[in-house]
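S.K.: Structure for this input, please:
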Amino acid sequence: MSINISRREFLKLSATTLVGLMLPRNLLSRLDADPATRRNPQLLGRVLKDQAPLYTVPSEGSAILNELVKDQIHRITDVTTGKDDTSGNRVWYQLDGAGYTHSRHIQPVRMEVNTPALTIPEKGCLGEITLPYVDAYSSLGTKRKWLYRFYYASTFWVTGVKSDENGVAWYELLDDRNYTKFYIPAISMRLVPDDELTALYPHIPYQDKQLVIDLAKQTLTALIGERVITTMRISSGIRQGEGGFATPKGAFRTVRKRPCRHMVALPSEFGTGFDLPGVPWVSYFTVDGVALHGTYWHNDFGIPHSHGCINLHPQNAKWIYLWTTPTVPPDEYYFADDQGTRVIIQ
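M.R.: Reported below is the predicted structural model:
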């Protein structure tokens, strides 16, 4: 049986238990967290689906110890590869020193508590969720409604900071799909500083940069001229043929960007829809919204999964967002021009 972090311990960070906590310092003392651990939070894993199997060894042919529950938080105590796994993603995690599960079932996360900002810039700023999850509400009043659960590494445009009747700080976030507001406890989000949003390799002419996406290999390679800068795994459209959820092939440019987006799609003849607030680091390369972006709802890169977009680990999506053109000013949550980086999909 695996030993997961207790629900009580985690809920000390949730909105329902923030009543009466005036400062983040009080919250940290209640967690009995060591200061060194707070500076370098332990790598944890959030379970992505119900009934994810936990095996005795990193093999689907081994005995099942337990079935995991969505949004449980466990300690990742080892990372290895499956001996009989021949898929595009062979990574397995040991949880709590007890058993193993395939990485597709786990989002690596940390539990980082933040000091709330006293003010927010007039035009707003970017924020990133730093807890495994936090619940978002429609308002701060007693009649507030639960709206969504936001997950680690998702990003949102912050428009204000407010205190509730107990003096607890909450951030007001823009729902950029419906143009309404979300409210979350401020300790759950870090505000991304401007210097973290500066362009990478800005001296390189935009014509010299290029992204090459290989759908068969499920890889993305960034090049300057013919020099390879980096290669990373992706998840493209789940249908490999044209139509449906296929990622389009051809030559494109990243002419539109935004650091966050509430993405929604209705169910269709091709499959189920989705409702994903806070998709991070979005770089569009088609006029109808196909994009490179970060992904918090699966961790199975190297395997097709998407509805046509290029799914990336959030840190890789951030790198692409900063490396490609156009460069988005830190105080803008949407930007476009015609000098985007070339994207070749084959």
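
S.K.: What residues sit buried inside the top helix by length along the chain?
M.R.: In the chain, with assignment by DSSP state H, the single longest helix is helix 314-323. Of all the residues in helix 314-323, those buried under the rule 16 or more other Cβ atoms under 10 Å are 314, 316-323. Bear in mind the C-beta positions are built from the backbone N, C-alpha and C, glycine included.

S.K.: what is the rounded mean pLDDT of that helix?
M.R.: In this model, helix 314-323 has a mean pLDDT of 98.

S.K.: cool, stretch 185-194 as well?
M.R.: Stretch 185-194 comes out at a mean pLDDT of 98.

S.K.: chain center to stretch 320-330: distance?
M.R.: Distance of stretch 320-330 from its chain centroid, counting by Cα atoms, centre = their mean, to the nearest Å, is 18 Å.

S.K.: brain fart, stretch 183-193
M.R.: Chain-centre distance of stretch 183-193: 15 Å, with Cα atoms, centre = their mean.

S.K.: Need the distance between the two termini of it.
M.R.: Taking Cα to Cα, to the nearest Å, stretch 183-193 runs 21 Å from one end to the other.

S.K.: same check, this time on stretch 105-113
M.R.: End to end - Cα to Cα - stretch 105-113 spans 25 Å.

S.K.: Buried ones in it, by neighbour count?
M.R.: Of all the residues in stretch 105-113, those buried under the rule 16+ other Cβ under 10 Å are 105-109, 111-113.

S.K.: least trustworthy helix or strand in this protein by mean pLDDT?
M.R.: helix 24-31 (a mean of 33; mean pLDDT, DSSP states H and E).

S.K.: Low-confidence ranges, this structure, go.
M.R.: Where the chain drops to pLDDT under 70, the residues are 1-41, 240-244, 268-271.

S.K.: any chance you could map the helices in the protein?
M.R.: 7-11, 24-31, 35-39, 314-323.

S.K.: Return the list of helices and strands in contact with the last one.
M.R.: For helix 314-323, the elements it packs on are strand 219-224, strand 227-233, strand 274-284, strand 291-294, judged by 3 or more Cβ pairs under 8 Å, 6 or more residues apart in numbering; DSSP states H and E.

S.K.: Let's see that helix as PDB, backbone CA atoms only.
M.R.: Extracted as PDB, the C-alpha positions of helix 314-323 are listed here (Å, rounded to 0.1, in the frame of the first residue of the first chain):
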ATOM      1  CA  PRO A 314       5.000  23.500 -19.400                       C
ATOM      2  CA  GLN A 315       8.700  24.400 -19.100                       C
ATOM      3  CA  ASN A 316       9.400  23.400 -22.700                       C
ATOM      4  CA  ALA A 317       6.300  25.400 -23.800                       C
ATOM      5  CA  LYS A 318       7.700  28.400 -21.900                       C
ATOM      6  CA  TRP A 319      11.100  28.000 -23.600                       C
ATOM      7  CA  ILE A 320       9.400  27.900 -27.000                       C
ATOM      8  CA  TYR A 321       7.200  30.900 -26.100                       C
ATOM      9  CA  LEU A 322      10.300  33.000 -25.200                       C
ATOM     10  CA  TRP A 323      12.600  31.700 -28.000                       C
END
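
S.K.: got the angle between that helix and strand 219-224?
M.R.: With axes from the mean of the first three to the mean of the last three Cα atoms, to 10 degrees as the basis, helix 314-323 and strand 219-224 are set at 30 degrees to each other.

S.K.: Can you give the contact residues for helix 314-323?
M.R.: With Cβ atoms under 8 Å, 6 or more residues apart in numbering as the test, helix 314-323 has contacts from 153, 197-201, 209, 211, 220, 222, 229-230, 232, 257, 259, 280-283, 292-296, 312, 328, 341.

S.K.: 6 Å instead, please
M.R.: Residues lying outside helix 314-323 but in contact with it, judged by Cβ atoms under 6 Å, 6 or more residues apart in numbering, are 153, 199-200, 232, 280-281, 283, 292-294.

S.K.: Can you mark which positions in stretch 208-226 are buried?
M.R.: For stretch 208-226, the buried set under the neighbour-count rule, 16+ other Cβ under 10 Å, comprises 209-213, 215, 218-223.

S.K.: scratch that, stretch 142-156 is what I was asking about
M.R.: 147-148, 150-156.

S.K.: Dump those to TSV, plus distance to T247.
M.R.: Converted to TSV, the buried residues of stretch 142-156 look like this (distance: Cβ to Cβ, whole Å):
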residue	distance to T247
L147	31
Y148	27
F150	27
Y151	24
Y152	26
A153	22
S154	22
T155	23
F156	26
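
S.K.: Which ones among those lie within strands?
M.R.: 147-148, 150-151, 155-156 (DSSP state E).

S.K.: Now the two most distant members of the residues you listed.
M.R.: Within those, L147 and T155 form the most distant pair, 16.8 Å apart (Cβ to Cβ).

S.K.: domain ranges for the protein?
M.R.: Structurally, the chain divides into domains by automatic domain parsing as follows: 7-109, 125-195, 197-345.

S.K.: got the CA coordinates for stretch 167-178 in PDB?
M.R.: What follows is stretch 167-178 as a C-alpha-only set of coordinates in PDB (Å, rounded to 0.1, in the frame of the first residue of the first chain):
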ATOM      1  CA  GLY A 167      -8.300  39.300   6.000                       C
ATOM      2  CA  VAL A 168      -7.100  36.500   3.600                       C
ATOM      3  CA  ALA A 169      -5.600  37.800   0.400                       C
ATOM      4  CA  TRP A 170      -7.200  36.500  -2.900                       C
ATOM      5  CA  TYR A 171      -6.100  37.200  -6.500                       C
ATOM      6  CA  GLU A 172      -8.700  38.200  -9.100                       C
ATOM      7  CA  LEU A 173      -8.000  36.500 -12.400                       C
ATOM      8  CA  LEU A 174      -9.300  37.200 -15.900                       C
ATOM      9  CA  ASP A 175     -11.300  34.400 -17.500                       C
ATOM     10  CA  ASP A 176     -10.200  35.200 -21.000                       C
ATOM     11  CA  ARG A 177     -12.800  32.900 -22.600                       C
ATOM     12  CA  ASN A 178     -15.900  34.300 -21.000                       C
END
